[in-house]
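>>> structure here, sequence nowhere to be found:
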């Protein structure tokens, strides 16, 4: 398994995202386009960025000052826990309320209330564990 947020890891995650009908396919149906950052809690900038256009990841790489629509943060230990056992929606909700998952940018509450977004969001964690 590649180390999380490295280019190798991001390339594999991009492939899985784009090939998955429950993630890329579902987001394509709603025309979801966004710039998503992922990183470690306490660091100024995210480690990695996915650029999503109509549900598909069009680029994945290190953060280079992009304007983010979403910026998800957790400790390295928490990310590793999710990689070994992907969380469901309830576990993600608990992580959010206990501040183990932070959104530096983006509206978690609005996203999780929309099933067209919540399902793919949870699915993204499952795919991360497969990288």
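Yep, that arrived. A quick note: this is a predicted structure, and the numbers were derived from the prediction, not measured.
>>> residues making contact with the helix-or-strand element of the chain with minimal mean pLDDT?
Least confident helix or strand, the chain: helix 108-113 with a mean of 90, by mean pLDDT, DSSP states H and E. Outside helix 108-113, the residues that touch it by Cβ atoms under 8 Å, 6 or more residues apart in numbering are 89, 92-93, 96, 117-118, 121. All C-beta spots, glycine's among them, are computed from the backbone N, C-alpha and C.
>>> just the buried positions in the strand or helix carrying residue 77, please.
Secondary structure assigned from DSSP states H and E places residue 77 in helix 76-84. Within helix 76-84, the residues that qualify as buried are 78-79, 81-83, counting by 16 or more other Cβ atoms under 10 Å.
>>> tell me the one of those nearest residue 37?
residue 79 (13.4 Å; Cβ to Cβ).
>>> ok, for the closest one, nearest residue in space, not its chain neighbours?
Spatial nearest neighbour of residue 79, excluding adjacent residues (Cβ to Cβ, 6 or more residues apart in numbering): residue 4 at 5.6 Å.
>>> now do the SS call for the one you found.
The three-state label given to residue 4 by DSSP: H, G, I helix; E, B strand; the rest coil is coil.
>>> and it, what is it in contact with?
76, 79-80, 83, 128, 131.
>>> check residue 61 too.
Going by Cβ under 8 Å, 6+ apart, the list of residues near residue 61 reads 7, 10, 48-49.
>>> helices along the protein, start to end?
Taking DSSP state H as the criterion, the chain carries its helices at 7-19, 26-29, 76-84, 89-97, 108-113, 115-128.
>>> return the member of these having the minimum mean pLDDT.
Among the helices of the chain, helix 108-113 carries the lowest mean pLDDT, at a mean of 90.
>>> show me which positions of that one end up buried.
108, 112.
>>> likewise for stretch 46-53?
The neighbour-count check on stretch 46-53 (16+ other Cβ under 10 Å) flags 46-52 as buried.
>>> how about those, which pair is most distant?
47 and 52 (17.1 Å).
>>> what number of residues lie near residue 86?
Look at residue 86: counted by other Cβ atoms under 10 Å, it has 18 neighbours.
>>> fine by me, thanks again.
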